[in-house]
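>>> Structure for this input, please:
(2 chains)
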Amino acid sequence: MKLMTCPMNGPRSIAEFQWLGAVQPDDDPQGGALVERLFFAPNLLGVLREWWRHTPTNTVFIAERHLTTNEILRTYFHNAGTDSTAGAAQ
Amino acid sequence: MPFNLLKYGLRSGHEPFRDIPATPDLKASYDVVIIGGGGHGLAAAYYLSHVHGITNIAVLEKGYLAGGNTARNTTTIRSNYLTPPSIAFYKEGVELYETLSQELGFNIMFSQRGQLTLAHSDGAMRSFRLRAEMGKHMGTRIEVVDPKTVREICPQVHMDEGGRHEVLGGLWHEDAATARHDAVAWGYAKRAAERGVEIHQRTEVTGMAVSGDRVTEIRTNRGTIRAGQVLQAAGGLNGQIAALAGIALPIRCFPLQAMVTQPLKPFLDILLSSSDLHTYLVQSSRGEIVIGGGTDPYQLASTRSTLPQKEALATGALQLMPFLHNVKLLRQWAGITDITPDFSPIMGASALQNYWLDAGWGTWGFKATAVAGKRLAETIATGRVPAILQPFALERFDRFALLNEMGATAAGH
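Numbering: from 1, shown residues only, chains lettered A, B, ... in the order given. Just a heads-up that it's a prediction; the model follows:
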């Protein structure tokens, strides 16, 4: 069973989580930049910062996950900054 | 004759019969280079060489012939889509498959048995009515059927009357079919090779040289070649291949998982699916029940499998056919799909003059093998994108002219 560490609830089965897509800049793109933001989502073979939700508790947070190995490197709350030490269970 | 056969059998030094020639050395240049040796790329090579007389072609395949998504899909051929451009395109695709065995002289085991998609909710029934009317308008065989007719078409379905997933009706698409995926790719490859098309297996594209608005060189792990025209049809790696040419594609990769049971006596003579359960069932000519469904719920470029997704597939299959409960699974696998925002493919021109796209095939590419190959061959040979492909252009996203087929693809295999 693959585990994900929720910053609120600790390690839980990945089946309890909903993937919400890549973290995008909080700005207001226009024109070509809007097309790019809407349709040209990141499709890298590396680490993606993405939104996840722990569905039973409706806890939304950020995970850093490798898109080829599926390794979850870290999880943290949006406001926790990048120094969060919240874990990376597999 | 038996004596000759005996003599032949006792002779030493037999040349093994090969449908596909061994990979030759790369030449310095080709008129057309096709990146991706799956069904689509091989079909394009076939139509270029047989219809348009272009034979100086190299098909570059990173792995082995048709070993990517051509080998991993669940082989549905159908045209029950929603938007007129999609229906027109996939309808031509079905029609090409109908005569493909005869055209290739190669048995692709085409079986036009019809597809029944079940609805377990009012929302699904509403979308079926719309799809049926659009399909009739475009000239395909498709209709909404009531539960009684569902029972007649497929007596094995568990109707679940009064239950959580009661069958409220279905979408009956008589044109739908299945075929042997390997045979489709091998048939195209064999006939293309007979005209001189070179198929280079284990040849990975590692880079491209772009000069002005043209691709001039393609670098591979076996050497560098010059190309007049380039077609990319690289399945799950389409995003990465396009990036080598400096082209961004609106694609995200998701795994798609499937599995087959042990062989059973023939009992299922249609393609059966459910848009609410995201489940798809077909019995192969070997008797195995092929079970497919929706993609994984999060982005990933990997062919690993997961227990939760296999459980979801099994749950859907058992809901429709509870008597499968003690049937063993024989094989399971996954492929990497290249999903577009509107669940429609990207075909035709790119920003480069001699670089053509056949990408964004997600979970719905097998049915279009013939028509995409034929129409892209026409595109490359004439330099003009035919009308039937124009709605699928990459620049549709700039114009917000999307072709939304989410309901006809993601849920309704």
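>>> Show me what from chain A comes close to chain B.
A:1-2, A:14-15, A:18-19, A:21, A:32, A:35-36, A:38-43, A:45, A:48, A:50, A:67-70 (CB under 8 Å from any CB of the partner chain). From N, CA and C alone the C-beta is placed, and that goes for glycine too.
>>> ok, of the residues you listed, which come out buried?
A:14-15, A:19, A:35, A:39, A:41-43, A:48, A:50, A:67, A:69-70 (16 or more other CB atoms under 10 Å in any protein chain shown).
>>> got a markdown table for those residues, with secondary structure, pLDDT and distance to B:Lys310 too?
Output for those, formatted as a markdown table (DSSP: H, G, I helix; E, B strand; the rest coil; pLDDT from 0 to 100; distance: CB to CB, whole Å):
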| residue | secondary structure | pLDDT | distance to B:Lys310 |
| --- | --- | --- | --- |
| A:Ile14 | helix | 95 | 14 |
| A:Ala15 | helix | 92 | 12 |
| A:Trp19 | strand | 97 | 18 |
| A:Val35 | helix | 97 | 37 |
| A:Phe39 | helix | 97 | 31 |
| A:Ala41 | coil | 96 | 27 |
| A:Pro42 | coil | 96 | 28 |
| A:Asn43 | coil | 96 | 25 |
| A:Leu48 | strand | 98 | 25 |
| A:Glu50 | strand | 97 | 24 |
| A:Leu67 | coil | 97 | 21 |
| A:Thr69 | coil | 97 | 20 |
| A:Asn70 | coil | 97 | 16 |
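>>> ok, residue 58 - how many residues close by?
The chain I'm using is chain A. 9 (other CB atoms under 10 Å in any protein chain shown).
>>> try chain B instead
Count around B:Ala58 with other CB under 10 Å applied: 25.
>>> okay, the most centrally placed residue in chain B: pLDDT?
Taking CA atoms, centre = their mean, the centroid of chain B lies closest to B:Phe366, which sits 1.5 Å from it. On pLDDT, B:Phe366 comes in at 97.
>>> ok, now which ones touch it?
B:Phe366 makes contacts with B:Gly39, B:Asn69, B:Thr70, B:Asn73, B:Thr74, B:Thr75, B:Thr76, B:Ile77, B:His181, B:Val184, as judged by CB atoms under 8 Å, 6 or more residues apart in numbering or on different chains.
>>> for the host helix or strand of the third one, the distance to its chain's centre please.
Secondary-structure element containing B:Thr70, defined by DSSP states H and E: helix B:69-72. On the basis of CA atoms, centre = their mean, to the nearest Å, helix B:69-72 is displaced by 8 Å from the centre of the chain it belongs to.
>>> pLDDT below threshold where in the stretch 1-150 of chain B?
Applying pLDDT under 70 to the stretch 1-150 of chain B flags residues B:1.
>>> Which residue does it have closest to chain A?
Minimum separation of the stretch 1-150 of chain B from chain A (CB to the nearest CB) falls at B:Lys62, amounting to 14.2 Å.
>>> Tally up the residues packed near that residue, please.
Neighbour number of B:Lys62 under other CB under 10 Å is 22.
>>> my read: it touches B:His200, true?
No - using CB atoms under 8 Å, B:Lys62 is not in contact with B:His200; the gap is 9.9 Å.
>>> Show me which residues of the stretch 151-300 of chain B sit near chain A.
B:Gly239, B:Gln240, B:Ala248, B:Leu249, B:Pro250, B:Ile251, B:Arg252, B:Cys253, B:Pro297, B:Tyr298, B:Gln299, B:Leu300.
>>> Contact partners for the third one?
Yep, that's B:Ala248 we're talking about. A:Glu36, A:Phe40, B:Ala242.
>>> Which parts of chain A are helices?
Secondary structure of chain A (DSSP state H): helices at A:32-39.
>>> check contacts around the residue in chain B positioned nearest to chain A.
Proximity of chain B to chain A (CB to the nearest CB) peaks at B:Tyr298, 3.5 Å away. Neighbouring residues of B:Tyr298 by CB under 8 Å, 6+ apart: A:Trp19, B:Phe254.
>>> what's in contact with the helix holding B:Thr70?
So helix B:69-72 is contacted by B:38-39, B:181-182, B:184-185, B:235-236, B:256, B:258, B:303, B:333-337, B:361, B:365-366, B:369 (CB under 8 Å, 6+ apart).
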